[in-house]
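S.K.: Structure, please.
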Amino acid sequence: MKLKGWGNRAYNIFFHLHTVSGITISAALFVIFLAGAFTLFKTEFYLWENREARKTQTPRFEPEKVFQKILETEKDFDLDDDTFVSIPTPESPIIYVYGHLKPEGATSEVHYSGKMNPHTLELNEQAPTTIGETLYRLHFLDQIPMVGRYIAGFISLFFVFATITGLLVHWKNMVSKFWAFSLKAVGKQLWTNAHTVFGLLGLPFQLMYAVTGAFYLLLILVLLPAIMLFYNGKPEKVYALAYPAYGVEYKEDSPFQQQLDKLTELHHRVVQEYGDQYKILGIQTHHLLREDAAVNYRFESRNPRTFSSHGYVGYRLSDGKRIYSSMPDIDKKFTHKIVEAVGHLHFATFGGSLLKSLYFLLSLFTCFIIVSGILIWKEARNNKQYTPDQKKFHHRITIIFLAISLSLYPSVAGLFSLELLIPNSPEHSSVVNSAFFALWLILTAVGIYLNEEAKLTRSYLLFGGLLGIAVPLVNGITTSDWIWKTDITQVWVTDACWLLAGLLSLALWAWLNRKVNRDKEPVLQKRKVMEA
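M.R.: Numbering: from 1, shown residues only. Got it, this is the predicted structure:
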């Protein structure tokens with residue numbers, strides 16, 4: 001006997017593999033996708049969260065002064081190692097500094113990440129604001145020390161597995177369920193059909209994200225044996241296949257030579273040669289204070305039709321001689337294009353705001369699929385095959401998973417308000433982060449306390465609606481950039497989207513409340529008749 005296109009045994013294997021892999025990662029996967037949806041607009045959020053940056057012009061970038069300031073501020077900064085400095089733009093008018101520290105007596109490298117004010121050149125290891133950074137790190141669980149990224153990577157790998165097994169389970173009846181989908185269905189039938197239909201619609205997107213996420217987070221583990229066997233334990237040789245800067249050779253005993261003054265001259269030359277066709281994104285240096293110092297420029301094509309738009313050109317600082325080039329539509333290597341394509345697909349950086357908006361909606365679809373999967377899992381176990389204790393356990397797991405997942409939406413809305421309400425200080429980002437995670441924990445506890453799916457959902461819609469509407473109000477009160485007054489696109493669009501999200505959440509909350517009250521009326525009337 002054949003069942004849904006497979007033999008009974010094969011179907012049961014695929015079904016249980018899909019169920020187990022899906023329910024195991026469901027809560028963490030929801031967090032990754034919802035945080036990732038907001039991360040798509042990390043650059044656009046910058047001007048909203050940085051009130052000082054809204055009314056400032058981007059000054060002229062002079063790399064010599066930037067690197068001098070780095071050395072003055074961070075005495076242990078190691079310019080022998082790889083250092084990256086971003087170029088400020090009107091959309092993101094801040095200089096990001098990434099490198100390494102080498103404290104006296106240290107036996108291992110210490111990574112450094114700092115932000116520099118382009119006007120004052122003040123360098124601070126603490127981020128001035130944190131919305132984009134917090135959600136970006138949350139979308140690959142980086143707040144979990146040491147292992148967070150690897151956990152997110154294995155979740156992506158499990159997601160690939162769950163997606164493929166789900167396709168194998170439902171492929172035979174996908175079309176029939178698509179046309180049979182109706183909001184009038186109830187219970188398990190509604191959630192099963194919704195899970196299948198939205199899973200079908202978002203299948204290419206979900207598979208793409210699962211594969212590219214696993215690629216980014218687990219690639220070093222996959223390549224580790226090859227690095228040890230074929231590249232003498234030097235990962236730089238593997239990185240050079242994708243990023244040419246890592247292929248440049250240096251002499252460890254190269255003599256020290258102060259030549260920072262040549263940086264600005266080289267920069268002006270690069271701007272003159274490439275500035276019309278390409279945007280300069282940043283500068284990467286190595287051995288900067290030595291004779292064989294090299295400077296790598298990273299570009300982005302201004303041609304919107306160029307998919308593989310990033311390029312790299314490297315120079316020896318001593319004589320300004322070009323040592324490599326990998327530019328779009330000129331001499332870019334195939335391996336560079338492949339790795340860049342993965343990045344474009346994952347971060348939606350190749351189609352402008354319209355594509356990011358589409359990615360955002362598809363991410364929300366995926367969140368709905370995850371929630372519907374949790375509810376299917378619970379409803380499928382609400383039968384006579386399970387004891388009361390087992391049913392109670394399944395219900396508790398469902399409530400915990402839903403509380404962790406759904407409480408993130410109002411918490412993110414709260415994060416936006418917290419960013420502007422908490423006063424600026426050296427510890428600003430740490431205080432905002434702590435308040436955000438505390439709010440998330442409190443809302444999760446509220447959902448667990450309610451202990452009922454319907455009440456929990458309505459409560460989070462109410463909290464999300466109120467906190468969403470609060471975002472443009474808080475922005476207007478604290479910065480005077482009211483939604484009807486500001487001419488900064490990133491600011492009024494962010495406010496408008498939160499206002500719309502808040503109103504939709506409150507409308508859905510009110511509709512669900514009316515529906516609950518309508519369902520209770522016949523029961524109450526019957527009770528009154530019996531009492532009479």
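
S.K.: domains of this structure?
M.R.: Per the record, the chain has its domains at 57-130+244-347, 381-532, by automatic domain parsing.

S.K.: rank those by pLDDT, which is bottom?
M.R.: Lowest mean pLDDT of these: domain 57-130+244-347, a mean of 84.

S.K.: next one: it to chain centre, how far?
M.R.: In terms of Cα atoms, centre = their mean, to the nearest Å, the centre of domain 57-130+244-347 is set 23 Å apart from its chain centre.

S.K.: got it, and stretch 194-205?
M.R.: So, by Cα atoms, centre = their mean, the centroid of stretch 194-205 is 21 Å from its chain's centroid.

S.K.: For it, buried residues please.
M.R.: Residues of stretch 194-205 classed as buried: A194, H195, T196, V197, F198, G199, L200, G202, L203, F205 (neighbour count, 16 or more other Cβ atoms under 10 Å). Every residue, glycine included, has its C-beta placed from N, CA and C.

S.K.: re the thing from before, turn the domains of the chain into a markdown table, including mean neighbour count.
M.R.: Shown next, in a markdown table, are the domains of the chain (neighbours: other Cβ atoms under 10 Å):
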| stretch | mean neighbour count |
| --- | --- |
| domain 57-130+244-347 | 16 |
| domain 381-532 | 16 |
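
S.K.: Relative to I164, which of these is closest?
M.R.: Nearest to I164 among the domains of the chain is domain 57-130+244-347; the distance by Cβ to Cβ comes to 18.3 Å.

S.K.: Any chance of the domains of the chain in a markdown table with distance to L47 as columns?
M.R.: Formatted as a markdown table, those follow (distance: least, Cβ to Cβ, whole Å):
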| stretch | distance to L47 |
| --- | --- |
| domain 57-130+244-347 | 7 |
| domain 381-532 | 4 |
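
S.K.: So which of the buried residues of stretch 194-205 sit within helices?
M.R.: When DSSP state H defines the helices, the subset of the buried residues of stretch 194-205 inside them is A194, H195, T196, V197, F198, G199, L200, L203, F205.

S.K.: want to throw the residues you listed into TSV with pLDDT and distance to I155?
M.R.: Below are these laid out as TSV (pLDDT from 0 to 100; distance: Cβ to Cβ, whole Å):
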residue	pLDDT	distance to I155
A194	74	23
H195	77	19
T196	77	22
V197	77	24
F198	79	20
G199	80	17
L200	79	22
L203	85	18
F205	90	17
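
S.K.: Out of those residues, which comes closest to W509?
M.R.: W509 lies nearest to A194 out of those, by Cβ to Cβ, at 19.7 Å.

S.K.: okay, the ones in helices among the buried residues of stretch 194-205 in TSV with distance to K251 next?
M.R.: As requested, these are exported to TSV (distance: Cβ to Cβ, whole Å):
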residue	distance to K251
A194	63
H195	60
T196	61
V197	62
F198	58
G199	56
L200	58
L203	52
F205	48
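
S.K.: Tell me which other helices or strands the one helix or strand H394 maps to touches.
M.R.: Using DSSP states H and E, H394 sits within helix 388-406. If you count contacts as 3 or more Cβ pairs under 8 Å, 6 or more residues apart in numbering; DSSP states H and E, helix 388-406 packs onto helix 8-39, helix 352-380, helix 428-450, helix 453-479.

S.K.: Specify the stretch among those helices that is closest to M146.
M.R.: helix 8-39 (16.5 Å).

S.K.: Now that we have the helices and strands packed on helix 388-406, can you turn them into JSON lines and tack on distance to P244?
M.R.: Listed next are those as JSON lines, based on distance: least, Cβ to Cβ, whole Å:
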{"stretch": "helix 8-39", "distance to P244": "27"}
{"stretch": "helix 352-380", "distance to P244": "28"}
{"stretch": "helix 428-450", "distance to P244": "34"}
{"stretch": "helix 453-479", "distance to P244": "43"}
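
S.K.: Can you say which of those helices is nearest to P63?
M.R.: When those are compared by Cβ to Cβ, helix 428-450 sits nearest P63, at 26.2 Å.

S.K.: Now tell me what touches the closest one from outside.
M.R.: Under the contact criterion Cβ atoms under 8 Å, 6 or more residues apart in numbering, helix 428-450 has outside partners 126-130, 133-134, 143, 399-400, 402-404, 406-408, 410-411, 414-415, 418-419, 422, 425, 456, 459-460, 463.

S.K.: And F77, its phi and psi?
M.R.: Main-chain torsions, F77, degrees, to the nearest 10: phi -70, psi 130.

S.K.: Now for it: which residues touch it?
M.R.: I70, L71, T83, G99, H100, L101, K102, Y112.

S.K.: switch to 6 Å and redo it
M.R.: I70 (Cβ atoms under 6 Å, 6 or more residues apart in numbering).

S.K.: swap in L29?
M.R.: I155, I370.

S.K.: do that again at 10 Å, thanks
M.R.: L29 sits next to 22, 152, 155-156, 158-159, 162, 206, 210, 366-367, 369-370, 373, 405 when contact means Cβ atoms under 10 Å, 6 or more residues apart in numbering.

S.K.: of these, closest to I488?
M.R.: For the contacts of L29, the nearest to I488 is C367 (29.2 Å; Cβ to Cβ).

S.K.: how near is that closest one to V271?
M.R.: 43 Å (Cβ to Cβ, to the nearest Å).

S.K.: Could you do Q143 as well?
M.R.: 38 Å.

S.K.: One more: L157?
M.R.: On the measure of Cβ to Cβ, L157 and V271 end up 43 Å apart.

S.K.: Show me where the stretch 251-400 of the chain has its helices.
M.R.: Counting by DSSP state H, counting those that start in this stretch, the stretch 251-400 of the chain has these helices, from start to end: 261-274, 334-347, 352-380, 388-406.

S.K.: which one of the ones you listed lies closest to G314?
M.R.: helix 261-274 (11.0 Å).

S.K.: Now do the closest one: which elements does it pack against?
M.R.: Here helix 261-274 touches helix 63-73, strand 278-286, strand 294-301, strand 310-316, going by 3 or more Cβ pairs under 10 Å, 6 or more residues apart in numbering; DSSP states H and E.

S.K.: Restricting to C-alpha, output the third one in PDB.
M.R.: So that's strand 294-301. Extracted in PDB, the C-alpha atoms of strand 294-301 (Å, rounded to 0.1, in the frame of the first residue of the first chain):
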ATOM      1  CA  ALA A 294      50.100  46.400   2.200                       C
ATOM      2  CA  VAL A 295      46.800  48.300   1.900                       C
ATOM      3  CA  ASN A 296      43.700  46.600   0.500                       C
ATOM      4  CA  TYR A 297      40.700  48.700  -0.800                       C
ATOM      5  CA  ARG A 298      37.200  47.200  -0.900                       C
ATOM      6  CA  PHE A 299      34.800  48.700  -3.500                       C
ATOM      7  CA  GLU A 300      31.200  48.400  -4.500                       C
ATOM      8  CA  SER A 301      30.100  49.000  -8.100                       C
END
